[in-house]
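# structure, please.
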Amino acid sequence: MNGAQALLQTLADAGVEVCFTNPGTSEMHFVAALDTEPRMRAVLALFEGVATGAADGYARMAGKPAATLLHLGCGLGNGLANLHNARKGKVPVVNIVGDHATYHTRYDAQLQSDIETVARNVSPGFVRTAQSTAALGRDTADAIAAARGLPGQVATLILPADVSWGEGGQPCPPPQPPAPAAASDEAVQAAAQAIRSGEKTIVLLGGHALREGALRAAARIAAHSGVQLLAEVFPTRIERGAGLPFVERVAYLAELAGVQLAGARHLVLVDAKSPVSFFAYPGKASDLVPEGCTVHTLSSPAQDAAASLEKLAAALGATAEPPLAPARRPERPRGPLTAPKVCKAVGHLLPENAILIDEAITSGLMLGTMTAGCPRHDLLTLTGGAIGQGLPNAVGAAIACPDRPVIALIGDGTAMYTIQALWSMAREHLHVVSVIFNNASYSVLNVELERVGAEEAGPKAKSQLDLKGPVLNFAHLAQGMGVHAVRARTAEDFCQALEHALAHPGPHLIEALVPESLAGAKRKVLPWLLKSLPSLPAPVARALKRKIAP
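Residues are numbered from 1 along each chain as shown. Next up is the predicted model:
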């Protein structure tokens with residue numbers, strides 16, 4: 001048995017059954033060894049960012065890691081953005097990066113690079129270069145153990161070519177991950193005391209606290225004690241829909257998040273990070289915790305969020321069933337197509353048990369409210385803010401859950417980062433419906449240009465933020481990669497296309513030709529409106545927040 005065969009058997013023995021690949025010469029023995037391990041599914045990506053984003057989406061839905069196979073430091077660099085998103089989402093990934101043979105590195109060949117330094121940006125907890133074929137099985141087992149423990153992480157194993165092709169490989173069984181502990185008695189009592197104080201308390205849920213069991217326990221606490229529940233701004237995975245508790249997400253715009261958090265005297269974190277502004281802005285605070293608010297950590301990402309919330313509910317005596325989201329769908333939209341109408345159509349037609357992926361940026365502002373009462377579904381979001389996640393996530397989610405329809409709502413600018421994912425969808429015959437909002441603009445950056453207080457933008461500056469020269473045709477791009485695709489200009493056309501796509505298994509793309517959601521006078525007035533929020537009466541500020549980003 002050579003090293004690559006031992007590596008693959010170790011992965012498969014540990015339940016790692018899918019590898020998303022973009023191989024090169026250094027990885028050829030790994031590629032050849034794939035035929036010796038029938039339990040491993042290999043999925044080819046035409047760009048490394050698709051492979052890494054697909055591994056992320058797979059793990060979010062499968063609850064266990066997939067592997068990647070990347071070519072040297074340059075391949076790792078190409079896949080770095082979606083590994084960053086996985087790191088921020090605490091998603092388990094076994095990231096395998098091929099390297100030159102150990103004796104070849106001293107020649108500094110064209111593709112030689114410092115892979116470990118690159119990898120530490122996304123794998124701060126585990127980076128290892130395999131040194132021998134005999135020890136490769138143990139290295140692989142250690143990488144798996146690191147990836148799938150709590151909190152999940154990207155574990156990067158660097159595989160020199162001679163370690164891969166060398167004889168004498170030995171598979172190694174990885175240890176079973178330890179069961180995570182619930183919050184300590186002290187943490188529970190501190191949170192309970194804060195809640196009993198009668199002062200405004202917010203419980204911020206993230207990570208595994210947004211799964212059904214934890215959501216129900218949190219909702220019982222809120223119903224019993226009157227605390228406010230919020231979810232982190234970009235959840236890794238949130239279970240939602242009719243029959244589950246509805247939890248409002250923290251707003252992306254810091255000014256709107258400030259409205260949600262205003263007046264809080266206690267903030268209880270459950271598998272969540274204390275909220276901060278996405279970027280720095282002149283004259284504005286980066287820390288979003290209100291002045292005078294005490295932050296309490298009930299459970300960390302390394303602990304059992306559901307068990308911790310159950311423990312807190314028991315301490316408070318919160319036993320009554322909470323209110324749940326009622327079954328409710330928006331009406332079928334009609335007339336000229338707009339981004340809100342697309343969100344309305346998705347809410348009107350969303351099938352039960354769907355997986356919804358949101359990288360629609362400004363076009364998806366209405367998605368949350370339009371789908372809150374839909375049949376139960378999972379929502380995956382842009383955890384690390386590095387765009388280009390949505391289409392690859394859809395590939396991974398569809399492979400993890402082949403019996404569930406996947407709908408990915410994607411902005412036109414972000415779609416171009418990883419458009420090659422469409423080819424992988426076609427090659428693997430995945431039931432993914434990709435909805436591309438084509439507004440021919442980096443709309444969110446036009447908004448940010450106003451918010452950061454930049455000087456008046458001239459034609460050169462504005463040209464960097466639009467996609468009008470030429471306007472992209474995503475339907476033609478998709479058809480060229482083997483995906484059935486149509487363009488929609490009216491709500492009627494879009495609904496018909498979505499119904500067809502949901503009824504016919506396989507990949508589909510619907511290009512929604514829409515105007516910008518935030519343009520013209522709306523864009524001009526938004527910075528002024530956001531700036532005025534702190535001085536407005538709280539009910540007025542909350543009403544404006546709901547109007548801008550419900």
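
# which elements pack onto the helix or strand of the chain with the lowest mean pLDDT?
Using mean pLDDT, DSSP states H and E, the weakest-scoring helix or strand in the chain turns out to be helix 443-451, at a mean of 72. In terms of contacts (3 or more CB pairs under 8 Å, 6 or more residues apart in numbering; DSSP states H and E), helix 443-451 is packed against helix 520-532. To be clear about C-beta, it is placed using only N, CA and C from the backbone, and glycine gets the same treatment.

# what's the mean pLDDT across the helix it packs on?
For helix 520-532, the mean pLDDT works out to 77.

# for stretch 536-550, same thing?
Rounded mean pLDDT across stretch 536-550 is 87.

# just stretch 64-77 next, same as before
Mean predicted lDDT for stretch 64-77 stands at 98.

# and if you look at stretch 80-94?
On average, stretch 80-94 scores 98.

# that one: which residues count as buried?
For stretch 80-94, burial by neighbour count (16 or more other CB atoms under 10 Å) applies to 80-94.

# ok, stretch 179-193 next?
Counting neighbours by 16+ other CB under 10 Å, the buried set in stretch 179-193 is 180, 182, 183, 187, 188, 190, 191, 192.

# ends of it, how far apart?
Across stretch 179-193, the terminal residues are separated by 28 Å (CA to CA, to the nearest Å).

# hmm, who's touching that stretch?
150, 268, 296-299, 302-304, 307-308, 310-312, 315-316 (CB atoms under 8 Å, 6 or more residues apart in numbering).

# what about residue 389, distance to residue 266?
33 Å (CB to CB, to the nearest Å).

# typo on my end, residue 541
Counting by CB to CB, the gap from residue 541 to residue 266 is 21 Å.

# check residue 159 too.
In terms of CB to CB, residue 159 sits 48 Å off from residue 266.

# swap in residue 187?
For residue 187, the distance to residue 266 - CB to CB - is 13 Å.

# anything in contact with each of these two?
With CB under 8 Å, 6+ apart, residue 187 and residue 266 have common neighbours residue 296.

# list the buried residues for stretch 506-518?
By 16+ other CB under 10 Å, the buried positions in stretch 506-518 come out as 507, 508, 509, 510, 511, 512, 513, 514, 516, 517, 518.

# over to stretch 198-205?
200, 201, 202, 203, 204, 205.

# elements contacting the helix or strand hosting the third one?
Read that as residue 202. Assigned by DSSP states H and E, residue 202 belongs to strand 201-205. Under the contact criterion of 3+ CB pairs under 8 Å, 6+ apart, strand 201-205 touches helix 212-225, strand 228-231, strand 266-270.

# deepest in the core, which of these is it.
strand 266-270 (a mean of 26; mean count of other CB atoms under 10 Å).

# and the contacts of the next helix or strand after that strand?
Elements were assigned by DSSP H and E; along the chain past strand 266-270, the next helix or strand is strand 294-299. Outside strand 294-299, the residues that touch it by CB under 8 Å, 6+ apart are 182-183, 187-188, 190-191, 194, 203, 209, 265-271, 274, 289, 305, 308-309, 312.

# ok, now how distant is residue 197 from residue 268?
12 Å.

# ok, now residue 355?
According to CB to CB, residue 355 stands 29 Å off from residue 268.

# got the CA coordinates for the helix or strand where residue 97 lies in PDB?
For residue 97, the host element (DSSP H and E) is strand 93-99. Output of strand 93-99 as PDB, limited to C-alpha atoms (Å, rounded to 0.1, in the frame of the first residue of the first chain):
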ATOM      1  CA  VAL A  93     -13.000  20.500   6.300                       C
ATOM      2  CA  VAL A  94     -10.000  18.200   5.800                       C
ATOM      3  CA  ASN A  95      -8.000  20.300   3.400                       C
ATOM      4  CA  ILE A  96      -5.300  18.300   1.500                       C
ATOM      5  CA  VAL A  97      -2.700  20.200  -0.400                       C
ATOM      6  CA  GLY A  98      -0.300  18.500  -2.600                       C
ATOM      7  CA  ASP A  99       3.400  19.600  -2.600                       C
END
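
# strand partners (parallel or antiparallel) of it?
Sheet pairing of strand 93-99 (DSSP bridges) gives strand 66-71 (parallel), strand 154-160 (parallel).

# out of those, flag the one nearest residue 41.
With CB to CB as the measure, strand 66-71 is the member of the strands paired with strand 93-99 nearest residue 41 (9.1 Å).

# which residues are contacting the closest one?
11, 16-27, 30-31, 48, 51-52, 54-55, 58-59, 76, 78-79, 93-98, 396.

# measure the nearest residue to residue 304 once chain neighbours are set aside to residue 126 for me?
Spatial nearest neighbour of residue 304, chain neighbours left out: residue 180 (4.3 Å); criterion: CB to CB, 6 or more residues apart in numbering. Applying CB to CB, the value for residue 180 to residue 126 is 18 Å.

# do I have it right that residue 415 meets residue 435?
No - Residue 415 is beyond contact range of residue 435, at 9.9 Å (criterion: CB atoms under 8 Å).

# low-confidence ranges, the stretch 151-300 of the chain, go.
Scanning the stretch 151-300 of the chain for pLDDT under 70 picks out nothing.

# what ranges do the strands span in the stretch 251-400 of the chain?
Counting by DSSP state E, counting those that start in this stretch, one finds strands in the stretch 251-400 of the chain at the ranges 266-270, 294-299, 354-359, 377-381.

# can you add distance to residue 524 and give those back as a markdown table?
Below are the strands of the stretch 251-400 of the chain laid out as a markdown table (distance: least, CB to CB, whole Å):
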| stretch | distance to residue 524 |
| --- | --- |
| strand 266-270 | 34 |
| strand 294-299 | 36 |
| strand 354-359 | 26 |
| strand 377-381 | 28 |
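
# among these, which is nearest residue 500?
Nearest of the strands of the stretch 251-400 of the chain (CB to CB): strand 354-359, 15.8 Å.
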